[in-house]
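Student: what follows is a predicted structure for the sequence shown.
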Amino acid sequence: MKWIAVMRELRTFLTLAGGQIMSAFGTGLTNFSLGIWVLERTGSVTQYAILLLIATIPGIIVAPFTGALVDRMDRRHAMLIGEIGSTIYSLSLAFLYLTDLLSLGAIAAAVAINSVFVSLKSPAYSASITLIVPKEHLGRASGIGQFGLGVANILAPLAAGVLLMMIKLPGIIVIDFVTYLISIGALLVVRIPKLESKTTVQKKPSVWREVSYGFEYIKTRAGLLGLLIYFAYVHIFVAMSNVLMAPMMLKFASVATIGTIVSFTGIGLMTGSLIMSAWGGPRSRIRGIFGFAVLQAISFILTGLRPNAVLISAGLFFECLSLPIIHGCNRVIWQTKTNPEVQGRVFALSSMSLQLVAPIGYLLAGPLADKIFEPMLAAGGRLSGTVGLIIGTGPGRGMGLMLILMGIMILGAIAVAFFNPRIRNLEEELPDSKPVVVVGNTIAQAAKT
């Protein structure tokens, strides 16, 4: 009975999230299929990597400005604009394919423009959640959303691989188009409270000033700024691990075995998301973040310890189990400590910071592995008679040592962050955000704060 009551309170969120999950699934289908199309026609991994960068960099660049626009607009309208833009993107790809005009340049232009629409939609969706979800259910909502998106991100490549053989790229694009229509339909039926600034009678500041205010908002809240720096630091190591895992496993395991090992990442994500959905997270979100971050760090160490499929599978499972809880707790802190009228800017900036540091990890991982760590743990290498006696020597062991060191460095970052009083006492020192004026229904009624 309790869960039925909770679902009733979350029905607006579930409708909105369901549409976003369907949209993410369709986007995943198209992105995977376009990647295969590019690789088949160019045979160039470099061109494929450049396309991935083009698909993300424009969105990162405009994120502060789209975040400011979200705070100026009805958030439902902002999401509708984003979804309609993505729908036009899908139709454009279909037109280019059917007229035999689809090329790498055309795809690059299309995905670059679409990333701008996504950068508008994403902070609008995140900022809407605090207006439609009761505060006591924010953790559950985060878990439910992450579970749905996790399923979509896992199933999309699998489904695309099968569908490409059956209905080819045009059929994939049609499915993507339909998922956008479903998301638009969900946005048309939900009602999200409209924020109305207390200074609407005055001239609004420029977008540039609103963007700078988003930076100042974070900067003047030492606890939030410290938490953001911590996550950005850890995200570098997460990006590095994404680069290292497959090459390390290829040194001792078959492709089939690697596929089995990697499947534990999906199982871990689903498990962690379900736990967060049912539990809602601990009362102290800060302690939840750092408690499960310790599990994340230990998981890094496990994956690098030995070239053993069971050990690596366990490490990946527990690392991915911890992620939905860590990010769910972090999201609730930002949602409850950020005033609703500035959430678009603040959420866009925090997301941008993580996206900006990821390339640092990508660029560092390869050279460090190839030039430093792999030679040191090769047979007869400088560490073969010391560290090599514990974790082994030979191909892949240098990357294993890198993962172990990253886990240790994350543990160090946890200690530094947790013993920073501004971060540790963030929930007590920084008051919860206060509702602002709403057109139609009050935020207090909508969010039951």
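Tutor: Right, received. Where do you want to start?
Student: residue ranges for the strands of the stretch 101-250 of the chain, please.
Tutor: 194-195 (DSSP state E, counting those that start in this stretch).
Student: check which element follows the helix or strand Asn330 falls within along the chain.
Tutor: If you go by DSSP states H and E, Asn330 is part of helix 309-337. Toward the C-terminus, helix 309-337 is succeeded by helix 343-367 as the next helix or strand (DSSP H and E).
Student: give the buried residues for that next one.
Tutor: Residues 343-355, 357-358, 361, 364-365 are the ones in helix 343-367 that count as buried (16 or more other CB atoms under 10 Å). No exception for glycine: its C-beta is placed from N, CA and C like everyone else's.
Student: helix, strand or coil for the closest residue to Ile144 other than its chain neighbours?
Tutor: Excluding the flanking residues, the one nearest Ile144 by CB to CB, 6 or more residues apart in numbering is Ser277, at 4.8 Å. When classified by DSSP: H, G, I helix; E, B strand; the rest coil, Ser277 comes out as helix.
Student: dump the residue contacts of Ser277.
Tutor: Residues near Ser277 by CB atoms under 8 Å, 6 or more residues apart in numbering: Arg140, Gly143, Ile144, Phe147.
Student: the same query, at a cut-off of 10 Å, please.
Tutor: Ser277 sits next to 6, 139-148, 324, 328 when contact means CB atoms under 10 Å, 6 or more residues apart in numbering.
Student: show me what counts as buried in stretch 266-277.
Tutor: Gly266, Gly268, Leu269, Met270, Thr271, Gly272, Ser273, Leu274, Ile275, Met276, Ser277.
Student: measure the first one to Tyr230 for me?
Tutor: It refers to Gly266. Per CB to CB, to the nearest Å, Gly266 is found 26 Å from Tyr230.
Student: same thing with Trp279?
Tutor: 23 Å.
Student: kindly report the same for Glu428.
Tutor: For Glu428, the distance to Tyr230 - CB to CB - is 18 Å.
Student: measure Thr130 to Phe231 for me?
Tutor: On the measure of CB to CB, Thr130 and Phe231 end up 19 Å apart.
Student: which one of these two is surrounded by more residues?
Tutor: Between Thr130 and Phe231, Thr130 has the larger neighbour count (other CB atoms under 10 Å), namely 27 against 21.
Student: spit out the contact partners of the nearest residue to the more buried one once chain neighbours are set aside.
Tutor: In this structure, Thr130 finds its nearest non-sequential neighbour in Gln335, 4.6 Å apart by CB to CB, 6+ apart. Contacts of Gln335 were listed using CB under 10 Å, 6+ apart, and they are 126-127, 129-131, 133, 135, 138-139, 141-142, 343, 347, 432-433, 447.
Student: so what pLDDT did the residue nearest to Ile144 get?
Tutor: Ser277 is assigned a predicted lDDT (pLDDT) of 89.
Student: before we move on, the earlier item: quick check: buried residues in the helix holding Asn330?
Tutor: For helix 309-337, a neighbour-count test (16+ other CB under 10 Å) marks 309, 312-337 as buried.
Student: before we move on, what about stretch 144-163?
Tutor: 144-154, 156, 159-160, 163.
Student: pLDDT weak spots in the chain?
Tutor: Flagging of the chain using pLDDT under 70 yields the residue ranges 1-3, 45-46, 49, 196-205, 255, 434-449.
Student: what sits against the residue nearest in space to the middle of it?
Tutor: Central residue of the chain (CA atoms, centre = their mean): Ser351, 8.1 Å from the mean position. When contacts are counted by CB under 10 Å, 6+ apart, Ser351 touches Gly59, Ile60, Ala63, Gly67, Ser119, Ser122, Pro123, Ser126.
Student: so the nearest residue to the fifth one once chain neighbours are set aside is in which element?
Tutor: The reference is to Ser119. Among residues not flanking Ser119 along the chain, Gly59 sits closest, at 3.8 Å (CB to CB, 6+ apart). Using DSSP H and E, Gly59 sits in helix 57-72.
Student: send me that helix as CSV with only the CA atoms.
Tutor: Below are the C-alpha coordinates for helix 57-72, written out as CSV (Å, rounded to 0.1, in the frame of the first residue of the first chain):
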residue,chain,number,x,y,z
ILE,A,57,31.6,19.8,-27.6
PRO,A,58,28.9,22.2,-28.9
GLY,A,59,26.6,21.2,-26.0
ILE,A,60,29.3,21.8,-23.5
ILE,A,61,30.1,25.2,-24.9
VAL,A,62,26.6,26.5,-24.9
ALA,A,63,25.6,24.8,-21.6
PRO,A,64,25.9,28.0,-19.4
PHE,A,65,23.7,29.9,-21.8
THR,A,66,21.1,27.2,-22.3
GLY,A,67,21.0,26.9,-18.5
ALA,A,68,20.3,30.6,-18.2
LEU,A,69,17.5,30.3,-20.8
VAL,A,70,15.9,27.4,-18.9
ASP,A,71,15.7,29.7,-15.8
ARG,A,72,14.0,32.4,-18.0
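Student: immediately after it, which helix or strand?
Tutor: helix 75-98.
Student: run the chain-centre distance for that following helix.
Tutor: Taking CA atoms, centre = their mean, to the nearest Å, one finds the center of helix 75-98 at 21 Å from the center of the full chain.
Student: quick one: buried residues of it?
Tutor: Those would be 75-76, 78-83, 85-90, 92-94, 96-97, for helix 75-98 by 16+ other CB under 10 Å.
Student: kindly report the same for stretch 410-430.
Tutor: Buried residues in stretch 410-430, counted by 16+ other CB under 10 Å: 410-411, 413-414, 417-418, 420, 422-424, 426-427, 430.
Student: please apply the same query to stretch 375-385.
Tutor: For stretch 375-385, using 16+ other CB under 10 Å, the buried residues are Met376, Leu377, Ala378, Gly381, Leu383, Ser384.
Student: ok, of the contacts of Ser277, which one's closest to Leu101?
Tutor: Gly148 (35.0 Å; CB to CB).
Student: shouldn't the closest one be in contact with Ser142?
Tutor: No: under the criterion of CB atoms under 10 Å, Gly148 makes no contact with Ser142, lying 11.1 Å away.
Student: now do the shared contacts for these two.
Tutor: With CB under 10 Å, 6+ apart as the test, Gly148 and Ser142 both reach Ser273, Ser277.
Student: what segments of the stretch 101-250 of the chain are helices?
Tutor: Using DSSP state H, counting those that start in this stretch, the helices found in the stretch 101-250 of the chain span residues 104-132, 138-189, 207-219, 222-250.
Student: returning to what we had before: return the residues in contact with the residue nearest to Ser119.
Tutor: 66, 111-112, 114-120, 122, 348, 351-352, 355.
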